[in-house]
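Q: A predicted structure for the sequence below; I have some questions about it.
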Amino acid sequence: MFYREILQQLEQWKQSPNRKPLILRGARQVGKTTVVNEFGKTYDNYLSFNLENIAKRRLFERDIPLDMLVEGLFNDAGKAPNNGSTLIFIDEIQNSLHAIALLRYFYEQRNDLHVIAAGSLLENVVDINVSFPVGRVQYMAVRPCTFREFINALNKQHLVKAINSPEHSAVYHEELMALFNCYSVVGGMPEAVKRYVQSGSVLGMDDVYETLLQTYIDDVEKYVNGNKLKDVVRHIVTYGWAHAGETITLGNFAGSRYGAREVGEAFNVLAKAMLVELIYPSTSTSMPALPEMKRHPKLAWLDTGLVNYSAGVRDAVISSLNLLDVWRGRIAEHLVAQELLALSNKVLARRSFWTSGKGGSTAEVDFTLSHKSNLFPIEVKAGSNSHLRSLHSFIDKAPIDVAIRVWNQPFSTNDVVTTIGRKPFKLVNIPFYLVGNLPHILDNL
């Protein structure tokens, strides 16, 4: 296994005096089980149970005291209970409502045991009135690999150090951009990254993507009840990739005959499975920036590599020297969106973009980033400062004087004055490979 940065957060959870049973959330095949198996090596005892296995499921469904259950879990793993540290991993926990309820008692009665649960379809179990242990569990999101993890997997530690020091990253700019272009093709799904590390080729991975896509389509049967909703979800998973990064209309989405209400319900199902996010705009230039749910959202999928393959634009990405030229810049935006989401391990983390909200105005900023109670505008665009009209419009209205441009040139900063309000501000120019380091960059301004 290559290094995943979520292991740092898991170690913090392990050491926390306020630790509760942890539920890992994430789409299928983002590496939840692999991460926990690696983390389990830091314990004296690691007990792993996959509840898709009927025999393992029955271990948790016996009506016995918790201490007897724990003894049975040790026995099943062929280990004797001892005074060492113990991690119990309950995978695919959504298959047992009784096991979900037990998380409360692990917290209240046996908090000496560390418990992690995972399940790709867990949110849909909540919808069927399970007695969920609210307030007695913690949540953490597992997402596809970031660019930093991608270059870690390639054993490019000198480049990891470079992106940790933005001012010095320019020395490796060409190498970093070349690898980021590879990342834009491969994406962050762990199996695809693993294949690329082994082969060194961005091609020859069709079977990986096909298997992932078929898994998501097959899962439709598990996500929903009702043939109509099932058909809508299947339509989105089959044809919706071509609309990644696009502002969409729910009614008749992707050439379908389905209405806005049906499509919206289907997107909610897929969002719970953490396959998609509908990114809604906000008209606020400061916190709190509430989404305008009546406006048209942008569509973001969990992984740009899957988008490239499914939408049929992979060859264009491979042959392009500038990501901003591919697919009218939508691939570049989608990559930035993926890196921004990975800045947080919160399950409820959401991305947003900004629009002026005034009739007749077309001002729109690609993304906003909430950092330390401030809202920063982000544009994914090349060109001179004077062409960043929407960014200037945001700054004119905002209480801050810092804006971010993501591009394919080295890191730099410019002192700029807005074109209309004549307000001075600092424009921070971030190459694509530094998006994952944005909080650190903002802290050091």
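A: Yes, it's here. Numbering: from 1, shown residues only.
Q: Strands along the chain, start to end?
A: 22-25, 45-50, 86-91, 114-118, 138-141, 276-279, 281-282, 298-301, 352-355, 364-371, 374-380, 402-407, 412-417, 424-431 (DSSP state E).
Q: Now find how far off-centre the first one is within its chain.
A: A distance of 14 Å separates the C-alpha centroid of strand 22-25 from that of its chain, computed with C-alpha atoms, centre = their mean, to the nearest Å.
Q: Contacts made by it with the rest, please.
A: Strand 22-25 is contacted by residues 10, 13, 32, 35-36, 93, 103, 115-119, 122-123, 137-142, 274, 347 when judged by C-beta atoms under 8 Å, 6 or more residues apart in numbering. Placement of C-beta: from N, CA and C, glycine included.
Q: Which among these count as buried?
A: 10, 13, 32, 35-36, 93, 103, 115-119, 122-123, 137, 140-142, 274 (16 or more other C-beta atoms under 10 Å).
Q: shaky segments in this structure?
A: By pLDDT under 70, the low-scoring segments of the chain are 121-132, 221, 223, 359-360, 383-386.
Q: Just put the strands of the chain in a markdown table and tack on distance to Phe60.
A: Shown next, in a markdown table, are the strands of the chain (distance: least, C-beta to C-beta, whole Å):
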| stretch | distance to Phe60 |
| --- | --- |
| strand 22-25 | 15 |
| strand 45-50 | 7 |
| strand 86-91 | 7 |
| strand 114-118 | 11 |
| strand 138-141 | 20 |
| strand 276-279 | 31 |
| strand 281-282 | 43 |
| strand 298-301 | 34 |
| strand 352-355 | 40 |
| strand 364-371 | 39 |
| strand 374-380 | 44 |
| strand 402-407 | 46 |
| strand 412-417 | 55 |
| strand 424-431 | 47 |
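Q: For Leu73, which of the ones you listed is the nearest?
A: strand 45-50 (5.4 Å; C-beta to C-beta).
Q: in the closest one, what's buried?
A: Neighbour count says strand 45-50 has 45-49 buried, by 16+ other C-beta under 10 Å.
Q: Not counting it itself, show me its contacts.
A: Outside strand 45-50, the residues touching it (C-beta under 8 Å, 6+ apart) are 36-37, 40, 56, 59-60, 73-74, 76-77, 79, 82, 84-92.
Q: Whichever of those residues end up buried, select them in ChimeraX.
A: In ChimeraX syntax, the buried subset of the contacts of strand 45-50 is picked out as below (16+ other C-beta under 10 Å):
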select :36,40,56,59,60,73,74,86,87,88,89,90,91,92
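Q: Of the contacts of strand 45-50, which belong to helices?
A: Residues of those located in helices (DSSP state H): 36-37, 56, 59-60, 73-74, 76.
Q: which one of those is nearest Arg389?
A: Val36 (47.3 Å).
Q: Please name the residues that touch the residue nearest to that closest one when sequence neighbours are not counted.
A: Once flanking residues are discounted, Val36 sits nearest to Phe89: 5.0 Å by C-beta to C-beta, 6 or more residues apart in numbering. Going by C-beta under 8 Å, 6+ apart, Phe89 touches 36-37, 40, 46-49, 115-118.
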